[in-house]
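**Q** 3D, please:
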Amino acid sequence: MHFAQTTSRNREYLFLAAILASGILLRAAVIIAMPVAPISDELAYQSIALNLIHGHGFVDAAGNRAFYNVGYSLFVLAPAFLISANSLLVARFLNLLLGGISILLCYATALEAGLGRTGRLLAAAIWALDVSASVYTVYLAKENLMTPLMLGVIWCALRMMKSPSWKVVAGCGALFGVLALVGNAALCLASVVVVALYYAPVSTRRKIAASVLIVLVAAAVTAPWLARNRAVLGAPVLNTNGGFNLYLGNNPAATGQFISIAETPQGKNWRGMHKASEVQSSETLKHDAIAWIESHPGRFLSLALHKAAYFWAPPIHEGKGHESKTAKSARVVWTIQFILIVAAAIGSLLLRRLWNRPMAILWIAVLSYTAVHMLFYVIIRYRMPIMPVMGILAALTIEAIAPFRRLSVQRSAGGRADDRGRA
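**A** Coordinates of the predicted model:
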C-alpha cells in the first residue's frame, strides 16, 4: 500500500512538473515574441527602480516620491536592473519566475482547499496555459508580483482554518506586509483570514493572539517605508494615490473605468495641487470624492454595479494600434479561456455537494477583491491577480462533474464489491 501511494504521488509530481514546464515555456515564448516598450505605469515603476539603484532614492520620472506603490520596483525591478544594466529581458524573466511560483501555488492552494489529484493538477494547468497570464509577463506591472502574494495569503487562510500554527500565522503577516507595499487593494483579503480564524479549531484566546501576530508582522514589514514617507512627505502613508484613484472613480465625469484627471472638474487644478504636496492633493481629491458620493448615492451605487460588470466583462476589446494575426488569435483564445473559467467557477455555486468552508474562503476572496474595485475604477489588468482563484474554483467544478471522475468512483466501488465477494 505504501509503495502504491508513493508511486501515485511521484506520478502526480511528474504531471505537475510537466505543467510547470509548459507554463514557463509558454511565458518564455511570449516574452521573446513580444518585445514591447514600457508605457504608462510601467515607465513609472522602471524609473523608481533606476533612480533607486543610481542613488537618487525612491522617486519616479515625474518627481513623485510615493505616488506609486513601491513594492514591485523594490523587490523585482531594482534587483533585475542592478544585475543586468537595465535589461527589460531580465525583468521579464523575473516576471516569468513569479508566474512559475504562481502555478505551483495554484496547485498548493487547491490541495489545501481539498481538491483531488485531478482537480489540483487542473488548477495548476489552467493558470499555466492561461494566455492573459503569459501576456502580462511581458509588462512591468505590479500584478505579476501581486498574484503569488495573494495566492500565498489564501493558502495561509485555508491552512489556518485547519490549524493556525505560529509559523503560518507569521508568514501570513509577512505576506500582508509585502502586499501593502506592492498593491494595497489586496489588503481586502483580510476578510478571508478573519473567516478562517473564526472557524479555526482553537480557543478564542489563540485566535486573538494569531490576529495580533499577523498585524504586528505586517506592521514590521511596512514600518521602514512608512517612516521614510513620514520623513519625506510628512505623513506615514503607503502611497499618495489613494485619493486620486477614489476621485477618478467617483466624480461627475466618472464612467467606472479609467479616465484622465484632465477630464474631471479638478483637472485644471491637479498639477499645481500635486506639485505643492503629494499628500495634501490626495486628501483633497479624497474629500471631493466622498462629498460627491454623499451627494449622489444613487449614481454611486449605479457606478459601483457598472464597475463590477466591467471587472468581470469578457476581454473582447480591441488592442491598441495595428494587431498582427497572431495577436488577434491570442485575444480570441484569451476570451474563450476567460469565459470557460468563469462559467466553470460559477458552476461550483450550483453544486450543493461542493459547498464547504474552503470553497467559501475562495469565493470570499473573489468577492472581496471585486468589491474593492467597485469603490475605485476598473482596468482589465487589475483582474489578473484573482484569476488563479477562479481557476481553482473552475477546477473544483470540473473535477466534480467530469465523466472520468464518476467512472473512477464506479470502478472503486466495483473493486470493493469484488473484494467482499472474494472474502
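**Q** where exactly do the strands run in the stretch 201-350 of the chain?
**A** Per DSSP state E, counting those that start in this stretch, the stretch 201-350 of the chain carries no strands over any range.
**Q** Quick one: low-confidence residue ranges for it.
**A** Within the stretch 201-350 of the chain, the set of residues satisfying pLDDT under 70 comprises 317-324.
**Q** In it, mark out all the helices, start to finish.
**A** Ranges of helices in the stretch 201-350 of the chain, per DSSP state H, counting those that start in this stretch, are 204-233, 242-249, 267-276, 278-295, 297-311, 325-350.
**Q** so which of these is the most packed in?
**A** helix 242-249 (a mean of 22; mean count of other Cβ atoms under 10 Å). All C-beta spots, glycine's among them, are computed from the backbone N, C-alpha and C.
**Q** Name the residues that touch that helix?
**A** Outside of helix 242-249, the residues within contact range by Cβ atoms under 8 Å, 6 or more residues apart in numbering are 67, 254, 256, 258-259, 261, 264, 266, 281-290, 303, 307, 375-377.
**Q** Stretch 27-35 too?
**A** 88-89, 92-93, 95-96, 99-100, 133-135, 137-138, 326.
**Q** can you give me the offset of it from its chain's centre?
**A** Stretch 27-35 sits 22 Å away from the centroid of its parent chain (Cα atoms, centre = their mean, to the nearest Å).
**Q** and what of stretch 255-269?
**A** 26 Å.
**Q** First-to-last residue distance for that stretch?
**A** End-to-end span of stretch 255-269 (Cα to Cα, to the nearest Å): 21 Å.
**Q** Stretch 225-245 now?
**A** End to end - Cα to Cα - stretch 225-245 spans 21 Å.
**Q** now stretch 291-300
**A** End-to-end distance of stretch 291-300 (Cα to Cα): 11 Å.
**Q** And stretch 68-82, by the same measure?
**A** Stretch 68-82 stretches 20 Å from its first residue to its last (Cα to Cα).
**Q** next one: it to chain centre, how far?
**A** With Cα atoms, centre = their mean, you get 17 Å for stretch 68-82.
**Q** The helix or strand hosting Gly99: which residues count as buried?
**A** Using DSSP states H and E, Gly99 falls within helix 88-112. Within helix 88-112, the residues scored as buried using 16 or more other Cβ atoms under 10 Å are 88, 90-112.
**Q** Summarise which helices and strands that helix is packed against.
**A** helix 2-33, helix 78-84, helix 117-128, helix 131-136, helix 143-162, helix 387-401 (3 or more Cβ pairs under 8 Å, 6 or more residues apart in numbering; DSSP states H and E).
**Q** how near is the closest residue to Tyr139 other than its chain neighbours to Ala61?
**A** Excluding the flanking residues, the one nearest Tyr139 by Cβ to Cβ, 6 or more residues apart in numbering is Glu42, at 6.0 Å. Per Cβ to Cβ, to the nearest Å, Glu42 is found 11 Å from Ala61.
**Q** With Asn10 instead?
**A** Asn10 sits at a distance of 51 Å from Ala61 (criterion: Cβ to Cβ).
**Q** Check Pro314 too.
**A** Pro314 is 34 Å from Ala61, by Cβ to Cβ.
**Q** The nearest residue to Arg228 once chain neighbours are set aside: neighbouring residues, count only.
**A** Using Cβ to Cβ, 6+ apart and skipping residues adjacent in sequence, the residue nearest Arg228 is Phe58, 7.4 Å away. Using other Cβ atoms under 10 Å, Phe58 is surrounded by 20 other residues.
**Q** check which helix or strand covers Phe58.
**A** Using DSSP H and E, Phe58 falls within no helix or strand.
**Q** where's it relative to Val366, distance?
**A** Counting by Cβ to Cβ, the gap from Phe58 to Val366 is 32 Å.
**Q** cool, and Lys307?
**A** 15 Å.
**Q** Likewise for Trp155?
**A** 15 Å.
**Q** what do you get for Ala289?
**A** 25 Å.
**Q** same check, this time on Ala343
**A** Here the criterion is Cβ to Cβ. By it, Ala343 lies 14 Å from Val366.
**Q** What of Gly173?
**A** 23 Å.
**Q** between these two, who's got more neighbours?
**A** Gly173 (25 against 18).
**Q** Tell me which residues touch that one, please.
**A** If you count contacts by Cβ under 8 Å, 6+ apart, Gly173 has them with Leu213, Ile214, Val215, Leu216, Val217, Ala218, Val221.
**Q** again with Asn241
**A** Phe67, Tyr68, Ser282.
**Q** Ok, Tyr382 next?
**A** Neighbours of Tyr382 in contact, by Cβ under 8 Å, 6+ apart: Glu143, Ala185, Phe311, His373.
**Q** Just to be sure, it is in a helix?
**A** Yes: according to DSSP: H, G, I helix; E, B strand; the rest coil, Tyr382 belongs to a helix.
**Q** Check the spacing between it and Gly100 real quick.
**A** 22 Å.
**Q** And for Leu350?
**A** For Leu350, the distance to Gly100 - Cβ to Cβ - is 33 Å.
**Q** and if you look at Tyr45?
**A** 21 Å.
**Q** Now Leu303. Nearest residue, chain neighbours left out?
**A** Gly256 (5.2 Å).
**Q** Tally up the residues packed near the one you found, please.
**A** Count around Gly256 with other Cβ under 10 Å applied: 22.
**Q** Could you give the number of residues near the closest residue to Val221 other than its chain neighbours?
**A** Nearest non-adjacent residue to Val221, counting by Cβ to Cβ, 6+ apart: Gly177, 2.5 Å away. Residues lying near Gly177 (other Cβ under 10 Å) number 22.
**Q** got it, and Trp312?
**A** If we define neighbours as other Cβ under 10 Å, then Trp312 has 14 of them.
**Q** would you put the C-alpha positions of stretch 175-184 in CSV?
**A** C-alpha atoms of stretch 175-184 as CSV (Å, rounded to 0.1, in the frame of the first residue of the first chain):
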residue,chain,number,x,y,z
LEU,A,175,2.7,38.4,3.0
PHE,A,176,0.2,41.1,4.0
GLY,A,177,3.1,43.4,4.8
VAL,A,178,4.6,42.9,1.3
LEU,A,179,1.2,43.2,-0.3
ALA,A,180,0.7,46.6,1.4
LEU,A,181,3.9,47.8,-0.4
VAL,A,182,3.0,46.1,-3.7
GLY,A,183,-0.7,46.6,-4.2
ASN,A,184,-2.7,47.6,-1.1
